[in-house]
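Undergrad: The following block contains a protein sequence and its predicted model.
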Amino acid sequence: MRNSFPAQNIKYFLLIVFFSGICIQVHSNAIQKQDSVLIKERVLSAEDLIRGERLFYGLVYQGDKSINCAGCHNTRESDTLNWNPNALEIALKYKEKSAADLSRVLLKPGGSKMVQVHKDFQLTPEDIVLIKAYMDEFTEIGLKENKPVITNLLLFIIASILFLISTIDLTISKILKSRWINPVILFITGTFITYTLVVNSIAIGRSKDYAPDQPVKFSHKIHAGQNGTDCIYCHSSAPYSKSAGIPPVNVCMNCHLLVRNGTRSGTNEIAKVLRTFEEKKSIEWIKVYNLPDHVFFSHAQHVSAGEINCRKCHGNVEENDVIRQVTDMSMGWCIDCHRNTKVNFQGNLFYTQYTDLMEKIKKGEIDSVTVDMIGGIECMKCHY
Ligand code: HEC
Ligand code: HEC
Ligand code: HEC
Ligand code: HEC
Ligand code: HEC
Ligand code: HEC
């Protein structure tokens, strides 16, 4: 009997702790509860999803204001650098999270960039649940492709059909009485068809102006321009090897161990770098400059022996956020430069093997040596 009294006390004590725990839980997760109630009490209908979509695209007004999430979180694929995370990225990131988590970044943002961009949002818990539902759906919809090619293809098909009809009318059916209409149609469509065919067949395998979106929004304008980091710091094998090399993540980590917040992208892009590093993976950059396999090209030959500046071949890399292929990388491009570029024959030990050319310079027979004179246009130098 003596022992049961304290035991009873402990039971009550535990009971009180347990209930007060629940109370705190309920109180702090007010939003969580609200959205679970919302989801439980009505299964989201098709209209709800449409309202979620309209909210995301800023088509629903709260007073005289609306928030266009899609205005910052791009729903299309793009070629241009938009620093904000796109709609698919954020949708995937929040797929496993709750509407309460979404509510937190929208209504109580943390982090210097997030505070600037998610400011004064007046969204009800219901709005947020609907936006979340649309975002979950978006992971299946995905980013919309940009297809300018289709309009060109369509024009090409229409021109071909017109060309065919016109030819048939001119030779067989002869419906159009006016004699000049068919020749004019044939001339215009014929020119367009030939032009398109010629331009496209030259462009096969070449891709001047190619500038793909990269997995991380890395900017040369910030790193090589604004921060003034030397190209060789990252592309360290350029002076002595065939390939210039793309830096591995641990090179990024030299600085990004400390720099976690970007002025333009906030934490989102640098977080990808950190994650890749922690998972011991590598960032899958998309290669921009590509030569066909049958061509041999060496950076060391050009950067060290030829003393050619990166800009000559890659343009003003440090002035652009996104890398763009600035030349057509045709055989003519290589050959033209080899015909027109003088090599620094005197000061460079590399050229001492060319004794006959050295002799000619001494005798005054030639005053300079261009790359073609040392074999720069021999097929075997560039082709395996
Ligand atoms: C004479 C022209 C030329 C010069 C000068 C030049 N490059 Fe390149 N670069 C190319 C070509 C051509 C390719 C494509 C090579 C391939 O696909 O095999 C390329 C590819 C690259 C790549 C992709 C990775 C690789 O190695 O294939 C990087 C990075 C690069 N260059 C950086 C540089 C840097 C940095 C410099 C200056 C230190 C430089 N390049 C100087 C022509 C040049
Ligand atoms: C020498 C130091 C240094 C190295 C190496 C470096 N960064 Fe940075 N990076 C910076 C600094 C400083 C900033 C902040 C610039 C700002 O906010 O204006 C930055 C910003 C960024 C940003 C965000 C830009 C913005 O304004 O939102 C990204 C993304 C980024 N770096 C990616 C990379 C990647 C990927 C690598 C490795 C290939 C790398 N960085 C290597 C110094 C470095
Ligand atoms: C003014 C531009 C802007 C608007 C409008 C905007 N966002 Fe954002 N949002 C950003 C930027 C920039 C970031 C990345 C900030 C960072 O990582 O520091 C971001 C981040 C996010 C994230 C990721 C948060 C995380 O944990 O990394 C989500 C989710 C998000 N936004 C949802 C929304 C929704 C939903 C709306 C519409 C109600 C919206 N945003 C409206 C600019 C905007
Ligand atoms: C902080 C590291 C860093 C510095 C400094 C840097 N780069 Fe890069 N560079 C990269 C990364 C990462 C990539 C791959 C992502 C991309 O294409 O934007 C790249 C890609 C390139 C490419 C395209 C390669 C290909 O074919 O995909 C070229 C060309 C290039 N850099 C040239 C330069 C030149 C020239 C400089 C100096 C003015 C320079 N880089 C400075 C990190 C750097
Ligand atoms: C901006 C001018 C320039 C461009 C563009 C250029 N090169 Fe060169 N190239 C040079 C110079 C200068 C040398 C001489 C370096 C040396 O002494 O080997 C050279 C040397 C060479 C050599 C060695 C020739 C020899 O006799 O040993 C090869 C191979 C070569 N280039 C291939 C290419 C290929 C392939 C391309 C096109 C993808 C190309 N180059 C584009 C300037 C250029
Ligand atoms: C300075 C380097 C260089 C030299 C020298 C050179 N080529 Fe090329 N060649 C190239 C490059 C670069 C390409 C790839 C062009 C492209 O992708 O559009 C190419 C492509 C080709 C092709 C494929 C067709 C095409 O346009 O893609 C043939 C065939 C060819 N070369 C033959 C030759 C012959 C024959 C010689 C000797 C007379 C020669 N090349 C000398 C650089 C060179």
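TA: Sure, I can see it. These figures come from a predicted structure and were not determined experimentally. Numbers count the residues shown, from 1 in each chain. Ligands and ions are numbered 1, 2, ... in the order given.

Undergrad: Wait, residue 308 touches residue 302, no?
TA: Yes. Using C-beta atoms under 8 Å, residue 308 and residue 302 qualify as a contacting pair, with a distance of 4.8 Å. All C-beta spots, glycine's among them, are computed from the backbone N, C-alpha and C.

Undergrad: The two: which has the busier surroundings?
TA: Neighbour tally, residue 308 and residue 302, criterion other C-beta atoms under 10 Å: the higher count belongs to residue 302, 21 against 15.

Undergrad: That one falls within a strand, correct?
TA: No. When classified by DSSP: H, G, I helix; E, B strand; the rest coil, residue 302 is found to be helix rather than part of a strand.

Undergrad: Let me see the contact set for it.
TA: When the contact criterion is C-beta atoms under 8 Å, 6 or more residues apart in numbering, the partners of residue 302 are 308, 313.

Undergrad: what separates it from ligand 6, distance-wise?
TA: In this view, residue 302 and ligand 6 are 11 Å apart by C-beta to the nearest ligand atom, to the nearest Å.

Undergrad: now swap in residue 288 and tell me
TA: Distance of residue 288 to ligand 6, computed by C-beta to the nearest ligand atom: 14 Å.

Undergrad: per-residue pLDDT, the closest residue to that residue other than its chain neighbours?
TA: Distances taken as C-beta to C-beta, 6 or more residues apart in numbering put residue 323 closest to residue 288, at 5.0 Å, once the chain neighbours are dropped. According to the predicted model, the pLDDT of residue 323 comes to 92.

Undergrad: does any part of the helix or strand residue 114 falls within sit near ligand 3?
TA: Secondary structure here is read from DSSP states H and E; on that basis residue 114 sits in helix 112-117. Yes. Shown here: helix 112-117 in contact with ligand 3 (C-beta under 6 Å from any ligand atom) through 113-114, 117.

Undergrad: Out of those, which end up buried?
TA: Neighbour-count burial within the residues of helix 112-117 next to ligand 3 applies to 113-114; the criterion is 16 or more other C-beta atoms under 10 Å.

Undergrad: and the gap between the closest residue to residue 210 other than its chain neighbours and ligand 4?
TA: Take residue 210 and drop its neighbours on the chain: the residue closest to it by C-beta to C-beta, 6+ apart is residue 325, 4.4 Å away. The spacing between residue 325 and ligand 4, counted by C-beta to the nearest ligand atom, is 8 Å.

Undergrad: Please apply the same query to residue 283.
TA: Using C-beta to the nearest ligand atom, which is the criterion applied here, residue 283 is 7 Å from ligand 4.

Undergrad: Could you list the domains of this protein?
TA: Following automatic domain parsing, one finds the domains of the chain at 4-141, 148-203, 330-384.

Undergrad: low-confidence ranges in the protein?
TA: Per-residue confidence of the chain (counting by pLDDT under 70) places the weak regions at 1-42, 79-81, 146-150, 202-206, 346-350.
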